[in-house]
Every structure is written in C-alpha cells, then in structure tokens.
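Trainee: Need a 3D model of the following:
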Amino acid sequence: MPASTVGPVSAALEVAGALAISLGDPGGEPILEPAPGATPLWGRVVVTALMPAGTAAAPLWRNIEAAAGTPPVNASTSIVEERDWVGEFRENLQPMRYGSRLWVCPEGSRCPDPAATVIHLDPGLAFGSGSHPTTTLCLEWLAGLDLAGRRLLDFGCGSGILAIAALALGAQGATALDIDPQALLATRDNARRNGCDARMQVADPAGLAADARFGIVVANILADTIIALAPLLARHCEAGARVALSGILSAQADRVQEACAPWLDLHLAAELDGWALLSGAPLPRR
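Mentor: Here you go, the predicted structure:
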C-alpha cells in the first residue's frame, strides 16, 4: 500500500485488536527503528498484522479499505500456529565468547570456560542478546579495552548487555539510556541478575545530567540516529575518552564518519556480516 496510508491503516488494525504490526518493503527489506520523531518509509509498504484467533476477515478488510481509501493490494490471511515464541527464542540462545575472556550466557546456562568473565542475560523484549553482528562488534571492542576505573555511557542500551559487560570487565560505573520502557526494564533486570545494579544508572536520555562525563561512550543504534546524536555524545566525553558506534551498515560507514567529523574523530574499526563499527575519540572542545 502507499506509504501515506500506513498510519491510518495501522490505527485501524490496532482498533480491530492487532497483537503486533510490522512494516516491510515489497522487496523484503525490513524497516529498521527510525530516529525519534521520524518515520522513514518506502514509497509502497507491506503491512503485516497478527490478529487474535477468530478475527473475522471480511469486516477487517472493509476497515482497512476505509482507512486506506483504496482496496488493499495482494491482501491475504493465514493461520499462525500457537507457539511460545519467546520461550523458543530463549531456548535457542547459546553461550557466546567475545575476545579472549568475555562470555555471554543465557540465563540458566553454564559457561564452557570456568575461568571466563561471564555475564548472564535475559534479553526480554529488548534488543541485545549478543547474537546480532552489531552487538558482537561492540562486545569485541569492549573486551579489547582496559576498562579499570572508567565510566561508560551506553546510549540506546536495549537489554543492557554492553553496560553490564563493561562492568564485568572492570569498569567503575555505567549509565544505560534508552527511550524504550521495555529496554529500561530489561536492563534493570539484567543488572540485578549480574549483581551490578548498584554501579549502574538506568534512565531515559532526558535524565542524563548535562555535566555528566564518561571515559567510554558506546551507541549501538542506527546510522541516522547516531549522526543526530554526535554532538551530544561528544559533549558527554571526558578528556581521553574512547567512542564506539555501531548499528551502521558497512555501506553507511563513510557517510556516518563524515557527518560526525565536526565532533568525533572516527575510523572504521571492524566489520561483520555487512555491519560496521566506528571507533575513535571526541575532538577537543572549542
């Protein structure tokens, strides 16, 4: 359907009781999380909704047509078998190693290395199990640093995995920020699970003090959001701080590096499966 109709159609689906709504382009490329206040969509959009069992199709199609102002194209329905999707996801998670010493293990699993630095994680409904290439890049980067005595800022914390890993690796303290309440809930739970909640501040970005400064700054979000946040991230860096930015497609790395250049001196530090990590330092304040 045309991108301009996504809002009204989504609203109609929610009124009809949709349990979940996802967006994609006709070519199958997923839509990634937009920057706050932005909705980057393609010219035409595939809308997929998960409806409760027993939902009548005919009235639903009429509501969609009324909302869109035109009959839906290639519309179809299918029955989804009832399954414990969250439980299956958790069962499929396996312990993973990052660098030579850091392991991330799902809650209830045993680390294969008894001498390792281990964090136990339940991602809940938030992004960050350690399996995505962008999270892997950030964890590998953290595992290669000397974090003793340093404070970390994790902007867009998801499950809290990066902040918790930094504390496990010797950081003095961490501040984990996210605009998603589910991410804040998952981060707090995971911090308690790993016994580091006393050393971690978890908050909405609006709660970050203007004079807060950090020796390590990480943001695993998306390219355009990182570009928009670059001045803010640089402002919260202390002298000699190290910065790592991911959630960036390899094809976007040069653009992000150039756009952030007024505030951050970045270089391509690593790539994995089409994703990039930029690392560097803040430029001296004028």
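Trainee: Could you pull out the strands in the stretch 151-286 of the chain for me?
Mentor: 151-155, 173-177, 200-203, 214-220, 237-249, 264-272, 275-282 (DSSP state E, counting those that start in this stretch).
Trainee: closest one to Gly99 among those?
Mentor: Nearest to Gly99, of all the strands of the stretch 151-286 of the chain, is strand 264-272, at 11.9 Å by Cβ to Cβ. (C-beta placed from N, C-alpha, C; glycine too.)
Trainee: The closest one: which residues count as buried?
Mentor: Leu264, Leu266, Leu268, Ala269, Ala270 (16 or more other Cβ atoms under 10 Å).
Trainee: mind putting these in a markdown table, pLDDT and distance to Leu145 included?
Mentor: Formatted as a markdown table, the buried residues of strand 264-272 follow (pLDDT from 0 to 100; distance: Cβ to Cβ, whole Å):
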| residue | pLDDT | distance to Leu145 |
| --- | --- | --- |
| Leu264 | 98 | 17 |
| Leu266 | 98 | 16 |
| Leu268 | 98 | 18 |
| Ala269 | 97 | 12 |
| Ala270 | 97 | 13 |
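Trainee: Now do the contacts for Glu65.
Mentor: Pro71, Pro72 (Cβ atoms under 8 Å, 6 or more residues apart in numbering).
Trainee: can you give me phi and psi for it?
Mentor: The phi/psi pair for Glu65 (degrees, to the nearest 10) reads phi -60, psi -40.
Trainee: now it: how far from Ala16?
Mentor: Distance, Glu65 to Ala16, by Cβ to Cβ, to the nearest Å: 13 Å.
Trainee: follow-up on the earlier one: with distance to Gly99 added, can I get the strands of the stretch 151-286 of the chain in JSON lines?
Mentor: Shown next, in JSON lines, are the strands of the stretch 151-286 of the chain (distance: least, Cβ to Cβ, whole Å):
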{"stretch": "strand 151-155", "distance to Gly99": "16"}
{"stretch": "strand 173-177", "distance to Gly99": "18"}
{"stretch": "strand 200-203", "distance to Gly99": "21"}
{"stretch": "strand 214-220", "distance to Gly99": "15"}
{"stretch": "strand 237-249", "distance to Gly99": "14"}
{"stretch": "strand 264-272", "distance to Gly99": "12"}
{"stretch": "strand 275-282", "distance to Gly99": "14"}
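Trainee: wait, which of these is closest to Thr77?
Mentor: Smallest distance to Thr77 across these (Cβ to Cβ): 33.4 Å, for strand 237-249.
Trainee: what does the closest one contact?
Mentor: Taking Cβ under 8 Å, 6+ apart as the rule, strand 237-249 contacts 134-135, 137-138, 141-142, 145, 156, 213-223, 225-226, 233-234, 256, 260, 264, 266, 269, 274-282.
Trainee: Narrow those to those that are buried.
Mentor: Applying 16+ other Cβ under 10 Å to those flags 134-135, 137-138, 141-142, 145, 156, 214-223, 225-226, 233-234, 256, 260, 264, 266, 269, 275-282 as buried.
Trainee: Quick check, Ala259 in contact with Ala230.
Mentor: Yes - in this structure Ala259 lies within contact range of Ala230 using Cβ atoms under 8 Å: 7.0 Å.
Trainee: Between the two, tell me which one has more neighbours.
Mentor: The residue with more neighbours, out of Ala259 and Ala230, is Ala230; 22 against 18, by other Cβ atoms under 10 Å.
Trainee: Roughly how far does that one sit from Cys237?
Mentor: Distance, Ala230 to Cys237, by Cβ to Cβ: 11 Å.
Trainee: Asp146 too?
Mentor: As judged by Cβ to Cβ, Asp146 and Cys237 stand 17 Å apart.
Trainee: Same check on Ser78?
Mentor: Relative to Cys237, Ser78 is positioned 50 Å away (Cβ to Cβ).
Trainee: In terms of neighbours, single out the busier of the two.
Mentor: Cys237 (22 against 4).
Trainee: What residues are bridge-paired with the more buried one?
Mentor: Following DSSP bridges, Cys237 is listed with bridge partners Phe214.
Trainee: what's the burial count for Gly69?
Mentor: When neighbours are counted by other Cβ under 10 Å, Gly69 registers 12.
Trainee: how about the nearest residue to it, chain neighbours excluded?
Mentor: Once flanking residues are discounted, Gly69 sits nearest to Thr5: 6.9 Å by Cβ to Cβ, 6 or more residues apart in numbering.
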